[in-house]
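A.B. asks: I would like the atomic coordinates for the input below:
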Amino acid sequence: MIVRDSNGNELKDGDSVILIKDLKVKGSSTVLKRGAVGRNIRLTDDEGEIECKMDKVMMVLKTQFIKKA
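C.D. replies: Numbering: from 1, shown residues only. All right, here's what the predicted structure looks like:
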């Protein structure tokens with residue numbers, strides 16, 4: 001399975017990513033700002049999602065809202 005970011009770059013485990021859009025966090029009043037960096041990503045079983053640590057919290061992000069750093 002090949003996972004790609006919003007620009008079409010291939011993502012691998014351990015890459016760093018940058019948000020390209022402000023995102024509201026479900027179940028919280030927090031907003032992840034555009035330009036925030038997620039480090040050491042992990043690929044999931046779904047090619048449209050990744051797991052990464054942002055603001056000291058593990059999150060699942062859709063690949064359409066990130067680009068490879």
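
A.B. asks: what residue is smack in the middle of this protein?
C.D. replies: Leu61 (4.4 Å; Cα atoms, centre = their mean).

A.B. asks: For it, which non-adjacent residue is spatially closest?
C.D. replies: Nearest residue to Leu61 in three dimensions, chain neighbours excluded: Ile50, at 5.7 Å (Cβ to Cβ, 6 or more residues apart in numbering). Just so you know, the C-beta spots here come from the backbone N, C-alpha and C atoms, and that holds for glycine as well.

A.B. asks: ok, now Leu11?
C.D. replies: That would be Val3: by Cβ to Cβ, 6+ apart, it lies 4.6 Å from Leu11.

A.B. asks: And the pLDDT at that neighbour?
C.D. replies: Note for Val3: predicted pLDDT of 94.

A.B. asks: again with the one 4 residues further on
C.D. replies: Reading off the per-residue confidence, Asn7 sits at a pLDDT of 95.

A.B. asks: do the one 5 residues further on as well
C.D. replies: Confidence at Lys12, expressed as pLDDT, is 95.

A.B. asks: which residue packs closest to it, ignoring adjacent ones?
C.D. replies: Leu43 is the one closest to Lys12 (Cβ to Cβ, 6+ apart), at 7.6 Å.

A.B. asks: can you list the weak-confidence ranges in the protein?
C.D. replies: For the chain, no stretch is flagged by pLDDT under 70.

A.B. asks: Where do the strands of it begin and end?
C.D. replies: 3-4, 10-11, 17-19, 23-24, 31-32, 37-43, 49-54, 57-62, 66-68 (DSSP state E).

A.B. asks: outside of the longest one, which residues touch it?
C.D. replies: In other words, strand 37-43. 1, 3, 11-19, 50-54, 59, 61, 66, 69 (Cβ atoms under 8 Å, 6 or more residues apart in numbering).
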